[in-house]
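Trainee: Quick one, fold the following:
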Amino acid sequence: MAILKNGSFNDKICLLLPPHGIVLAIEGSIMRKIRKPGRIAIALVTIATAFVPVTAFGQSSPEARSSANPSYHLKQLSVATAGIPLEEFKTKTEAIRSCLDANKLAKELDADVKTDRFVPSWDLSDDLRDALRDVPTGHATEVFSNDPSVMRVLVICHRL
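Mentor: Residues are numbered from 1 along each chain as shown. The predicted model follows:
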């Protein structure tokens, strides 16, 4: 807390930095003397935020930003096993490095494409969640299927 004395009036400017935010309180006759008190409050808050550690705003270092339970933007490519051999499909999907690559491959193979935006990891099966955890963004999973007549891969377009 700072107490400012100026001539005939005393004013209090309180700047509190609790763990989850900033509280600024200005009391006294200074508020009556300022024609636009909102401007000074904005200026004081701006100055105060320069001294607040980044972690007070809920941010952390880039290394610690990924969530233990991420959400995904996924693209699934499905092809008939009669249309392409497993090894060829596997080789082509291993070369995917982005969703654009996945779209190009889907056109080339005439694959069925399904896009799911914002898929929370807790909505996925344990096996699929574990498989996606190790796949880099832009890459495809291993070939999988519950139906022997169809081969599928998932491409992680974006991880939140």
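Trainee: And the helices in the protein, which stretches?
Mentor: Using DSSP state H, the helices of the chain run over residues 30-33, 37-49, 86-94, 99-109, 126-133.
Trainee: Can you give the domain ranges for this protein?
Mentor: As assigned by automatic domain parsing, the chain contains the domains 2-62, 66-159.
Trainee: related to what we said a few turns ago, confidence-wise, which of the helices of the chain is weakest overall?
Mentor: Mean pLDDT is lowest for helix 30-33 among the helices of the chain, at a mean of 48.
Trainee: coming back round to it: weakest of the domains of the chain by average pLDDT?
Mentor: Looking at the domains of the chain, the weakest mean confidence is domain 2-62, a mean of 51.
Trainee: quick one: L132 and H139 touch, right?
Mentor: No - L132 is beyond contact range of H139, at 10.3 Å (criterion: Cβ atoms under 8 Å). Using the backbone N, CA and C atoms, a C-beta is placed for each residue, glycine as well.
Trainee: which residues do the two both contact?
Mentor: Applying Cβ atoms under 8 Å, 6 or more residues apart in numbering, one finds that L132 and H139 are jointly contacted by I156.
Trainee: Show me the strands in this protein, by range?
Mentor: 2-6, 9-16, 23-28, 71-80, 112-120, 150-159 (DSSP state E).
Trainee: So which other helices or strands are in contact with the fifth one?
Mentor: Strand 112-120 sits against strand 71-80, helix 99-109, with contacts defined as 3 or more Cβ pairs under 8 Å, 6 or more residues apart in numbering; DSSP states H and E.
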